[in-house]
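K.L.:
sequence first, predicted coordinates after that:
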Amino acid sequence: MTSVTAGIRFSVLDRSRVREGHGDAEALRDTVALAVEVERLGYHRFWVSEHHGVPGVAGSAPTVLAAAVASATRAIRVGTGGVMLPNHRPLVVAEQFGVLESLFPGRIDMGLGRSVGFTDGVRRALGRGKDDADDFAGQLDELLGWFRGGSPTGVRARPAEGLAVPPFVLAMNEGAAVAARAGLPMVIGDLRDRERMRRGIDRYRADFRPSVWAREPYVVVSGTVAVADSPEAARRLLIPEAWSMAYSRTHGTFPPLPPAERVESLTMTAKERGFYERGLGGHIAGTEEQVADELEILLKETGAQEVLVTTSTHDRGALLDSHRRLAKIAKALTGS
């Protein structure tokens, strides 16, 4: 343990990725089961995500799934990474998190993003357009206002009013500036471009304005972390997601995660191979010793207070083993 890593928290975000040969319902049940295991391993938070109309992702209703996760666990913090605020009315989001906090007091996090639907069709179905993300700062301010209480219309958000549900901003593009101005913790995930990530973090810290939600900047770095007994085994954990991303870039849709061995037997086009190879890079992967060294470097570079692991793969047993190994690394790094 070093002064850089002392007190660092480790958390998990699961996207409810559908695995080839399995369905949406099983993906959702796997998410809940993973949360139970993650809590047992001592992680700090467990978050779920929001995706609409994506064949390979079952997590479309994050607050509903967060309720299932919180019901199945006892003490771990549960939240969203995140609710995409432009897709919803701020009052409804406040009410949903108010219900969650009322049912599971002191355990709920409100992670918020500014993305809109993945395709034009999804955006139309949601009644949204690309420009709806432009007023994310205003939507965020309105949302937080419902927790403070009152509105010009006399409407009150129940049971949200008066509750303190910690908000986090997913810092994509302009998100870092919004988080800084609002005085909120920031989640940033750009491990493939460390320089860009550092610039975003530096900007956030320089512009941060203390608020009732956070007196000081709080940085969560997120990304894929794969740990196994050999570098080759860790790399195989990355293969299903790398291929899924490559397929989406060349076919316009995310497929369910395939087994690594099937991907390795595929004949890819040059374009597919290029996206696939790039998808395998920029992650933290290797043996326990290698991953521990890489995490120390990452935390020294960023000064982050927390690491949010977002790993997805087909082999659920190998994923669980990776989380177990990472929990061991976390305890050694943090001295806990």
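P.N.:
Thanks, I have the structure now. A quick note: this is a predicted structure, and the numbers were derived from the prediction, not measured.
K.L.:
quick one: V83 and G111 touch, right?
P.N.:
Yes: the pair formed by V83 and G111 meets the contact definition of Cβ atoms under 8 Å, at 7.0 Å. From N, CA and C alone the C-beta is placed, and that goes for glycine too.
K.L.:
please enumerate the helices of the stretch 151-300 of the chain.
P.N.:
175-182, 194-207, 231-251, 260-264, 270-280, 288-302 (DSSP state H, counting those that start in this stretch).
K.L.:
now the fourth one, how far from the centre of its chain.
P.N.:
Read that as helix 260-264. On the basis of Cα atoms, centre = their mean, to the nearest Å, the separation between the geometric centre of helix 260-264 and that of its chain is 26 Å.
K.L.:
what do you get for the last one?
P.N.:
Shown here is helix 288-302, whose average C-alpha point lies 19 Å from the average C-alpha point of the whole chain (Cα atoms, centre = their mean).
K.L.:
mean confidence for the helix or strand just after it?
P.N.:
Helices and strands here follow DSSP states H and E; after helix 288-302, the next one along the chain is strand 306-309. When pLDDT is averaged along strand 306-309, the result is 98.
K.L.:
now do the following helix or strand past strand 306-309: which elements does it pack against?
P.N.:
Tracing the chain past strand 306-309, the next element assigned as helix or strand by DSSP H and E is helix 316-334. Counting contacts by 3 or more Cβ pairs under 8 Å, 6 or more residues apart in numbering; DSSP states H and E, helix 316-334 packs against strand 9-14, helix 24-40, strand 225-227, helix 231-251, helix 288-302, strand 306-309.
K.L.:
tilt between the longest one and helix 288-302?
P.N.:
If I follow you right, that is helix 231-251. In terms of direction (axes from the mean of the first three to the mean of the last three Cα atoms, to 10 degrees), helix 231-251 departs from helix 288-302 by 60 degrees.
K.L.:
between helix 231-251 and helix 270-280, how many degrees?
P.N.:
Using the same axes, to 10 degrees, helix 231-251 lies at 130 degrees relative to helix 270-280.
K.L.:
convert the C-alpha atoms of helix 231-251 to CSV, please.
P.N.:
These are the backbone C-alpha positions of helix 231-251, laid out as CSV (Å, rounded to 0.1, in the frame of the first residue of the first chain):
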residue,chain,number,x,y,z
PRO,A,231,-2.0,-12.6,-19.3
GLU,A,232,-3.5,-14.9,-22.0
ALA,A,233,-6.5,-15.8,-19.8
ALA,A,234,-7.1,-12.2,-18.9
ARG,A,235,-7.0,-11.2,-22.6
ARG,A,236,-9.6,-13.9,-23.4
LEU,A,237,-12.0,-12.1,-21.0
LEU,A,238,-11.8,-9.1,-23.2
ILE,A,239,-12.5,-10.9,-26.5
PRO,A,240,-16.4,-11.2,-26.4
GLU,A,241,-16.9,-7.5,-25.7
ALA,A,242,-14.2,-6.4,-28.2
TRP,A,243,-16.0,-8.5,-30.9
SER,A,244,-19.4,-7.2,-29.9
MET,A,245,-18.2,-3.6,-30.2
ALA,A,246,-16.5,-4.3,-33.6
TYR,A,247,-19.7,-5.9,-34.9
SER,A,248,-21.7,-2.9,-33.8
ARG,A,249,-19.4,-0.6,-35.6
THR,A,250,-19.7,-2.5,-38.9
HIS,A,251,-23.3,-3.7,-38.7
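K.L.:
turn the helices of the stretch 151-300 of the chain into JSON lines, columns for mean neighbour count.
P.N.:
Below are those laid out as JSON lines (neighbours: other Cβ atoms under 10 Å):
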{"stretch": "helix 175-182", "mean neighbour count": "22"}
{"stretch": "helix 194-207", "mean neighbour count": "16"}
{"stretch": "helix 231-251", "mean neighbour count": "20"}
{"stretch": "helix 260-264", "mean neighbour count": "15"}
{"stretch": "helix 270-280", "mean neighbour count": "15"}
{"stretch": "helix 288-302", "mean neighbour count": "17"}
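K.L.:
among these, which comes closest to G154?
P.N.:
Counting by Cβ to Cβ, G154 lies closest to helix 175-182 out of the helices of the stretch 151-300 of the chain; the figure is 25.0 Å.
K.L.:
and V64, what element?
P.N.:
Counting by DSSP H and E, the element that carries V64 is helix 62-72.
K.L.:
tilt between that helix and strand 9-14?
P.N.:
If you take the same axes, to 10 degrees, helix 62-72 sits at 120 degrees to strand 9-14.
K.L.:
just checking, what packs against helix 62-72?
P.N.:
Other helices and strands packing on helix 62-72, by 3+ Cβ pairs under 8 Å, 6+ apart, are helix 24-40, strand 45-48, strand 77-80, helix 90-103.
K.L.:
how about the contacts made by the residue nearest to F275 when sequence neighbours are not counted?
P.N.:
Spatially, and ignoring its direct neighbours in sequence, F275 is nearest to A246 (3.7 Å; Cβ to Cβ, 6 or more residues apart in numbering). Residues near A246 by Cβ atoms under 8 Å, 6 or more residues apart in numbering: 268, 272-273, 275-276, 279.
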